[in-house]
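**Student:** Take a look and give me a structure for this.
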Amino acid sequence: FSLHISKEWQTDLIERVVPFWLNHSLDKKNGGYYTALDEDGSIYDTDKYLWLQGREVFTFSKLVNTFCEGGMPLKTINQWAQAAKIGAE
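**Tutor:** Next up, the predicted model:
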């Protein structure tokens, strides 16, 4: 399976969308992900919803599996894998 999306969308996903969630949604203290984020990434509600927990685990795992052999830097792949693990444990 591969992502059949335009180069523009892929660039936006990798350079803007994923880093936003990676930088702002991870709850490194308690595990899982914060779901209620403002546009600047600030958390406005600490309630966590199961549907987004599963979605983020899936998304970060899918990114690892899709891009691990596509020339993506190993550091980035490892960040995504760690992010998936935070939600899965």
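**Student:** Now do the longest helix along the chain: everything it contacts.
**Tutor:** Longest helix of the chain, by residue count under DSSP state H: helix 50-67. For helix 50-67, the surrounding residues in contact (CB atoms under 8 Å, 6 or more residues apart in numbering) are 1-3, 14, 18, 21, 25, 32-33, 35, 76-77, 80-81, 83-84, 87-88. All C-beta atoms are positioned from the backbone trio N, CA, C, and that covers glycine.
**Student:** host element of the closest residue to Glu89 other than its chain neighbours?
**Tutor:** Taking CB to CB, 6 or more residues apart in numbering, and ignoring the residues beside it in sequence, Glu89 has Gly31 as its nearest neighbour in space, at 5.9 Å. Here Gly31, judged by DSSP states H and E, is contained in no helix and no strand.
**Student:** Roughly how far does Gly31 sit from Met72?
**Tutor:** Between Gly31 and Met72 the distance is 25 Å, computed by CB to CB, to the nearest Å.
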